[in-house]
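Undergrad: coordinates for the following, if possible.
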Amino acid sequence: MARDTVDETPISSRDELVAWIEKGVKPSSAFRIGTEHEKVPFTLGRHEPVPYEGPAGIRRLLEGMQLLLGWEPIMEGETIIGLADVTGGGAISLEPGGQFELSGAPLCNIHETSVELNAHLAQVREVAQPLGIGFLGIGMSPRWTRAETPVMPKGRYRIMAGYMPKVGTLGLDMMFRTCTVQVNLDFSSESDMVQKMRVGLALQPLATALFANSPFTDGKPNGFLSYRSEIWRDTDNARAGMLPFAFEEGFGFERYVDYALDVPMYFVKRGNDYLDVSGSSFRDLLAGRHPALPGESATLSDWVNHLSTIFPEVRLKRFLEMRGADTGPRSSLCALPALWTGLLYDGQSLDAAWDLVKGWSDQERQAMRDDVPRHGLKTVIGGRTLREVGRDVLEIAAAGLQRRARLNDAGQDERSFLAPLHPVIESGRSPAELLLEQYHGAWKGSIEPVFQELAY
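TA: As a prediction, this is how the structure comes out:
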């Protein structure tokens, strides 16, 4: 999330929370695609992490980007922590360990996503190279330890970092060392949201396998193809996971709100200050009986910010966020939104995808989710490997993109953006497996070449 919301509109009932999400409903003609992607900064000279302060640090990078783009700085006190395009475009934000994120503008098609991506990477490179900073397209910082990872000066992250070790063993690794690419997509009704949520949850492990790209930790193989995905299995299970209740009869906006109300809070923001309320109940805040805020009722910003601290495989706000993929090379940053757009933004494809997954049980989906970080496309569900399932899914997505018929100036539709996924399915090998082959072969047991291979 680029910027925590500040909206002091009071809210006092569950119905108001439901109504806020329901306002995300829009006609299909107004559907947009928002792509977010994180990248790992490193020093070009020594392949080390980049601190926030200093003559060649993250602060200088943000200040340079501000001068180049003319975007509004996002400040926390006197500290610049991001940039926002106030004309309705994207935003740049910092993850806890300095991961540099573009939260893209809501766009009409993947062609526009590609233009946005190429412009962003060119702009970042223009500012970063003179500072001696490069960026990696990888799902986890591959070389330095968590202790060596810098900490960005953001209040919410201090609170999260204090809470994470109480609820899991890998939450700090998630915060400080992982990178993801995700796509945000719209829904036209509650029933449309439900079907998209179910398809998204069921197929999220397939996305994890297709984009698995985090096989290195602390300078050596970690035993996984997507260690980023494995980390989420023991980060904070009260706010993560496959949401089996989404497949129950009667699921909709109200049921998701009930789930969100039971997820423990991290913080509330009052003015510029973050108040640590980690582990406490939003229900108490809604009822005006929160011990840290006696007599205060919840505000709309409390709710919106709380929703941003829930981390299931698919997250519901006023849109749906597909959250299962590792960051990868430039081509994969458009392949991920193309995959989900083809599946979810065409009615025939959405129905076909649901037909493909609707027979899977909660137990089968969970077993798939548990196995995929290590086994990738070899993971089995319903007697089929994810490689076999993926072949069907790519066909469904391609047909959906063809029917959407969003053409570029050369008359091409969006199917071309699926191209990086075809060799993955044909070979059955994820990007991580190709990296490991090089590590054990041409790289001779060194990960240093990754700073050339995966640099943007």
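Undergrad: export the longest strand belonging to the chain to PDB, keeping only CA atoms.
TA: If you go by DSSP state E, the chain has its longest strand at strand 33-43. C-alpha atoms of strand 33-43 as PDB (Å, rounded to 0.1, in the frame of the first residue of the first chain):
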ATOM      1  CA  ILE A  33      -6.000  -3.500 -14.100                       C
ATOM      2  CA  GLY A  34      -3.600  -2.300 -11.400                       C
ATOM      3  CA  THR A  35      -0.200  -4.000 -11.300                       C
ATOM      4  CA  GLU A  36       2.100  -3.700  -8.300                       C
ATOM      5  CA  HIS A  37       5.700  -4.900  -8.300                       C
ATOM      6  CA  GLU A  38       8.600  -4.800  -5.900                       C
ATOM      7  CA  LYS A  39      12.300  -5.000  -6.600                       C
ATOM      8  CA  VAL A  40      15.400  -5.400  -4.500                       C
ATOM      9  CA  PRO A  41      17.900  -2.500  -4.500                       C
ATOM     10  CA  PHE A  42      21.600  -3.300  -4.400                       C
ATOM     11  CA  THR A  43      24.900  -1.500  -4.800                       C
END
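Undergrad: quick one, helices of the stretch 301-450 of the chain?
TA: Secondary structure of the stretch 301-450 of the chain, counting by DSSP state H, counting those that start in this stretch: helices at 330-344, 347-357, 362-375, 386-404, 421-427, 431-440, 450-453.
Undergrad: residues of stretch 182-195 that come out buried?
TA: 182-188, 192-195 (16 or more other C-beta atoms under 10 Å). To be clear about C-beta, it is placed using only N, CA and C from the backbone, and glycine gets the same treatment.
Undergrad: wait, which of these is closest to G241?
TA: For those, the closest approach to G241 (C-beta to C-beta) belongs to Q182, at 16.1 Å.
Undergrad: would you say the closest one is within a strand?
TA: Yes. Per DSSP: H, G, I helix; E, B strand; the rest coil, Q182 lies within a strand segment.
Undergrad: follow-up on the earlier one: out of the buried residues of stretch 182-195, list just those in strands.
TA: If you go by DSSP E, the buried residues of stretch 182-195 have 182-185 in strands.
Undergrad: just give the number of residues close to T169.
TA: 11 (other C-beta atoms under 10 Å).
Undergrad: how about it: what's its closest non-neighbour residue?
TA: Spatial nearest neighbour of T169, chain neighbours left out: D234 (5.1 Å); criterion: C-beta to C-beta, 6 or more residues apart in numbering.
Undergrad: just name the most buried of the helices of the stretch 301-450 of the chain.
TA: The highest mean neighbour count among the helices of the stretch 301-450 of the chain, using mean count of other C-beta atoms under 10 Å, belongs to helix 330-344: a mean of 26.
Undergrad: what helices or strands is that one leaning on?
TA: strand 33-43, helix 110-131, strand 180-185, helix 190-210, strand 320-326, helix 347-357, helix 386-404 (3 or more C-beta pairs under 8 Å, 6 or more residues apart in numbering; DSSP states H and E).
Undergrad: on that earlier part again, does the residue nearest to T169 sit in a helix or strand, and which one?
TA: Using DSSP states H and E, D234 is not contained in any helix or strand.
Undergrad: looking at it now. What's its pLDDT?
TA: D234 is assigned a predicted lDDT (pLDDT) of 98.
Undergrad: just checking, it touches V167?
TA: No. Counting by C-beta atoms under 8 Å, D234 sits too far from V167 to count as a contact (9.3 Å).
Undergrad: tell me the spacing between G82 and S103.
TA: Distance of G82 to S103, computed by C-beta to C-beta, to the nearest Å: 9 Å.
Undergrad: the residue lying closest to G97 once chain neighbours are set aside - how many residues pack around it?
TA: Counting by C-beta to C-beta, 6+ apart, the nearest residue to G97 once its immediate chain neighbours are dropped is F176, at 3.5 Å. Neighbour count for F176, taken as other C-beta under 10 Å: 24.
Undergrad: can I get the ones in strands among the buried residues of stretch 182-195 in CSV including pLDDT?
TA: Output for those, formatted as CSV (pLDDT from 0 to 100):
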residue, pLDDT
Q182, 98
V183, 98
N184, 98
L185, 98
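Undergrad: which of the residues you listed lies closest to D346?
TA: If you rank those by distance to D346 using C-beta to C-beta, L185 comes first, at 11.8 Å.
Undergrad: so the closest one bridges to which residues?
TA: Taking DSSP bridges, one obtains I33, L320 as the residues bridged to L185.
Undergrad: cool, and F216?
TA: Going by DSSP bridges, F216 forms beta bridges with P221.
Undergrad: what's the closest non-adjacent residue to E230?
TA: Nearest one to E230, counting by C-beta to C-beta, 6+ apart, is P373 at 3.8 Å.
Undergrad: G223 is in contact with that neighbour, correct?
TA: No. Counting by C-beta under 8 Å, P373 stays clear of G223, with 9.5 Å between them.
Undergrad: which ones are touching R14?
TA: When contacts are counted by C-beta atoms under 8 Å, 6 or more residues apart in numbering, R14 touches 254, 257-258, 261, 286.
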